[in-house]
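> generate coordinates for the sequence data below:
(2 chains)
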2 protein chains.
Amino acid sequence: MRFLVGVDIGGTNIVVGTVAEDGSAVFGVRADATRPEEGAPTVIRRIAQLVEESVTEAGRVAHVPRDRIVGVGIGSPGPLDRERGVVLLTPNLGWRNLPLRQLVSDAVGLPATLDNDANCAIYGVWWVGAARGSRYLVGITVGTGIGGGIVIEGQLYHGAADAAGEIGHATIDSTGRRCKCGNYGCLEAYASGPAIAARAIEGMEAGAETRLASYVGGDVSRITAQTVYEAAHDADAYALEVVRETAKFLGAGVANLINILNPDTFVIAGGVTLAGDHLFVPLRAEVNRRAFRPAVERCRIVPGELPGTAGVFGAAATFKTQTWGRV
Amino acid sequence: MRFLVGVDIGGTNIVVGTVAEDGSAVFGVRADATRPEEGAPTVIRRIAQLVEESVTEAGRVAHVPRDRIVGVGIGSPGPLDRERGVVLLTPNLGWRNLPLRQLVSDAVGLPATLDNDANCAIYGVWWVGAARGSRYLVGITVGTGIGGGIVIEGQLYHGAADAAGEIGHATIDSTGRRCKCGNYGCLEAYASGPAIAARAIEGMEAGAETRLASYVGGDVSRITAQTVYEAAHDADAYALEVVRETAKFLGAGVANLINILNPDTFVIAGGVTLAGDHLFVPLRAEVNRRAFRPAVERCRIVPGELPGTAGVFGAAATFKTQTWGRV
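From the prediction side, this is the model:
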């Protein structure tokens, strides 16, 4: 058995793990804050450190020999150029034309590959999670932003410039809310974590009755999407309404994707899955109402499992496909 | 050289042609009104008649021998089940669970295949038209409805239930115009031919100044999308505004598809291409404004050529791929 190291770089955290070649296990899962403000060289040293710790731990707990660790798969925010292994531009991390693949490979002394973070997360769920066995998979990760991944017959679909799956900036209301990207009415402007919090706060400022403020010591500005989910689980009527509205917005986006790509499985991953059935029940209803019947009848909508490690598994899997052609 | 007969069934017309195996020529193009109200058996007899006429004409003008004609590719409105060759439901034609492939095959005495009409139109543009050589192609046909087709590395993408590419019912404004499908804000409710005419008439009823009525003998209810394009070409300011609005709506839909699928080529086919640069110039501007830069930079947006015969070529091409695995 060979092993791959999966590296999942997010705007907030970096997560690393040592993954068995067949996807049966992950050892030595290590996480640290990304702290992009310290600059790319420091972040890359941090990645190398996490890889070293993960490999050491895998050796300790599972007797994984060093010479069985054959490569590092990296998942990074994009856009990026897979062939050259270069991150073109990441507003959240402040990187521009960074040859990340080579830098990480040099720092850890192993071959490396690079792919988009959302692609990796969805690919991980396809490889070892809730979407196993899917032939036509579409997935979205809903967190600080909304990213997406498309897996067709076991291969990530990348499109002409590695930019496929930019689902967060699909228009669901062409005259609607302003998005950070400069446009109006993007899905992300309604249903990302920060957008959920912003909508909740707006309603409170307009006088909505809710116990949301009590979860954050009265400081409304500290309300996050997680606060909303927590209050919804405690049956706060207003928080439940915010979650139901989120389900309607996400439902419009999911229905569009089902109409376009007719997947057999649709994965929703990321922080938003913490809302549980409060989200998924009205979301499925909205999709049923909006999507084309033959397409929706053949599609199951499932939460991504693997909290925290989907991106690690997926990054390891993309190393396999980029290096050996298959997972 | 072998030959295929392509059959393009539309809500209004049926078009048939005899296509050289390599796509180099089409002979004996014949068209007739569909007249679905006469019932499926009559429509199928009409298809068989057109096939006979086309084959006879191909023999007469190009000396195509009968025994070189090896099959019939059928493009039909859907949804449909390719594997069983059955049209599941076509509101416009009134068909339900119709085994069209077998019925046509029996009527003409040749093997037949079945695919979606919009898929065939876009596949035809890929095979012999403006999208030749594209690896990642997305196309829409804008006429009475809005259909779509996706061609990835030379193969039509069908999804899990042959329903992929239902682009007309993608939401561009989740609280917007009511669509015939029962939902609100579908692209088709803004940018299909009938929607363009309806928007033009609405504006006139609200007092817009325009010479549009003079194109239809003063009977505003006879205004069609074609009337609007004609007046736009004659520099009618209001008609130009309606076309520019159409470009904005289509632009939002096209940008979504570019963000999701990152194609190298985007084809816009169907009646709407008659608007020419009045449509394509503002449409490209809207897409540039809305779509993700790395994706839009790698995508050319082109009108479908092959007026009238794209669906015939594409239906012939789908016979090849369904029968022999490649075009």
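
> so which bits of the stretch 51-200 of chain A are right by chain B?
Taking CB under 8 Å from any CB of the partner chain as the criterion, the neighbours of chain B within the stretch 51-200 of chain A are A:79, A:88, A:135-136, A:148, A:150, A:152, A:157-167, A:169-176, A:183, A:185. Every residue, glycine included, has its C-beta placed from N, CA and C.

> just the buried ones from those?
The neighbour count (16 or more other CB atoms under 10 Å in any protein chain shown) marks A:79, A:88, A:136, A:148, A:150, A:152, A:157-167, A:169-174, A:176, A:183, A:185 as buried among those.

> show me those residues that map onto strands.
A:Leu88, A:Tyr136, A:Gly148, A:Ile150, A:Ile152 (DSSP state E).

> pretty sure the fourth one sits against A:Arg135.
It stands for A:Ile150. No: with contact defined as CB atoms under 8 Å, A:Ile150 and A:Arg135 do not form a contacting pair (11.9 Å).

> could I get the full set of strands for the stretch 51-200 of chain A?
In the stretch 51-200 of chain A, the strands defined using DSSP state E, counting those that start in this stretch lie at A:69-76, A:80-81, A:86-90, A:95-98, A:112-116, A:136-142, A:146-152, A:155-156.

> just send those back as CSV, with mean pLDDT too.
As requested, those are arranged in CSV below (pLDDT from 0 to 100):
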stretch, mean pLDDT
strand A:69-76, 98
strand A:80-81, 94
strand A:86-90, 92
strand A:95-98, 95
strand A:112-116, 97
strand A:136-142, 96
strand A:146-152, 96
strand A:155-156, 96
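
> would you reformat those strands as a markdown table and include distance to B:Leu100?
Written out in a markdown table, the entries for those read as follows (distance: least, CB to CB, whole Å):
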| stretch | distance to B:Leu100 |
| --- | --- |
| strand A:69-76 | 46 |
| strand A:80-81 | 46 |
| strand A:86-90 | 48 |
| strand A:95-98 | 54 |
| strand A:112-116 | 42 |
| strand A:136-142 | 25 |
| strand A:146-152 | 27 |
| strand A:155-156 | 33 |
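
> which residue, other than its chain neighbours, is closest to the residue in the stretch 101-250 of chain A positioned nearest to chain B?
Scanning the stretch 101-250 of chain A for the residue nearest chain B gives A:Gly159, at 2.5 Å (criterion: CB to the nearest CB). Leaving out its chain neighbours, the residue that sits closest to A:Gly159 by CB to CB, 6 or more residues apart in numbering or on different chains is B:Asn262, at 2.5 Å.

> repeat that for A:Ile146.
When the adjacent residues along the chain are set aside, A:Ile146 lies closest to A:Gly168, with 3.2 Å between them (CB to CB, 6+ apart).

> for the one you found, what are its contacts?
A:Gly168 makes contact with A:Ile140, A:Gly145, A:Ile146, A:Gly147, A:Gly148, A:Cys186, A:Leu187, A:Glu188, A:Ser192, according to CB atoms under 8 Å, 6 or more residues apart in numbering or on different chains.

> can you check A:Val220 too?
With contacts defined as CB under 8 Å, 6+ apart, A:Val220 is in contact with A:Ile201, A:Met204, A:Glu205, A:Leu212, A:Ala213.

> quick one: furthest residue from the center of chain A?
Taking CA atoms, centre = their mean as the measure, the residue most remote from the mean C-alpha position of chain A is A:Gly207, 33.7 Å away.

> now do the SS call for that one.
Applying DSSP: H, G, I helix; E, B strand; the rest coil to A:Gly207 yields a three-state assignment of coil.

> same check, this time on A:Ile260
Reducing the assignment to helix, strand or coil with three-state DSSP, the entry for A:Ile260 is helix.

> quick one: the residue of the stretch 201-327 of chain A found nearest chain B from A:Asn119, how far?
When you check the stretch 201-327 of chain A against chain B by CB to the nearest CB, the closest residue turns out to be A:Asn262, at 2.6 Å. Distance of A:Asn262 to A:Asn119, computed by CB to CB, to the nearest Å: 20 Å.

> how many other residues sit next to A:Gly325?
Around A:Gly325 there are 8 other residues, counting by other CB atoms under 10 Å in any protein chain shown.

> can you give me phi and psi for it?
Here is the backbone geometry of A:Gly325 (degrees, to the nearest 10): phi 90, psi -10.

> give the contact list for it.
The contact partners of A:Gly325, taken as CB under 8 Å, 6+ apart, number zero.

> what's the distance between it and A:Tyr136?
Between A:Gly325 and A:Tyr136 the computed distance is 20 Å (CB to CB).

> before we move on, what about A:Gly251?
Look at A:Gly251 and A:Tyr136: by CB to CB, they are 20 Å apart.

> in contact with A:Ala15, which residues?
Small correction: residue A:15 is Val, not Ala. A:Val7, A:Asp8, A:Val29, A:Arg30, A:Ala31, A:Gly308, A:Thr309, A:Gly311, A:Val312.

> quick one, what contacts the fifth one?
Read that as A:Ala31. Contacts here follow CB under 8 Å, 6+ apart; on that basis A:Ala31 touches A:Asn13, A:Ile14, A:Val15, A:Val16, A:Leu50, A:Gly308.

> what helix or strand does A:Tyr229 sit in?
Assigned by DSSP states H and E, A:Tyr229 belongs to helix A:225-233.

> which strands or helices does that helix pack on?
Taking 3 or more CB pairs under 8 Å, 6 or more residues apart in numbering or on different chains; DSSP states H and E as contact, the helices and strands that helix A:225-233 lies on are helix A:193-205, helix A:237-261, helix A:277-290.

> residue boundaries of the helices in the stretch 1-150 of chain A?
For the stretch 1-150 of chain A, the helices defined by DSSP state H, counting those that start in this stretch occupy A:40-62, A:100-108, A:117-128.

> could you figure out how far the second one is turned away from strand A:86-90?
In terms of direction (axes from the mean of the first three to the mean of the last three CA atoms, to 10 degrees), helix A:100-108 departs from strand A:86-90 by 110 degrees.

> residues in contact with helix A:100-108: which ones?
Counting by CB under 8 Å, 6+ apart, helix A:100-108 makes contact with A:5, A:7, A:40, A:44-45, A:47-48, A:51-52, A:72, A:74, A:76, A:80, A:84-87, A:111-114, all of which sit outside it.

> go with 6 Å
Residues from elsewhere that reach helix A:100-108, judged by CB atoms under 6 Å, 6 or more residues apart in numbering or on different chains: A:Ile44, A:Ile47, A:Ala48, A:Val51, A:Val72, A:Ile74, A:Ser76, A:Gly85, A:Val87, A:Ala112, A:Leu114.

> can you list those in a markdown table and add neighbour count?
What follows is the contacts of helix A:100-108, written out as a markdown table (neighbours: other CB atoms under 10 Å in any protein chain shown):
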| residue | neighbour count |
| --- | --- |
| A:Ile44 | 17 |
| A:Ile47 | 24 |
| A:Ala48 | 19 |
| A:Val51 | 27 |
| A:Val72 | 29 |
| A:Ile74 | 28 |
| A:Ser76 | 24 |
| A:Gly85 | 21 |
| A:Val87 | 26 |
| A:Ala112 | 25 |
| A:Leu114 | 32 |
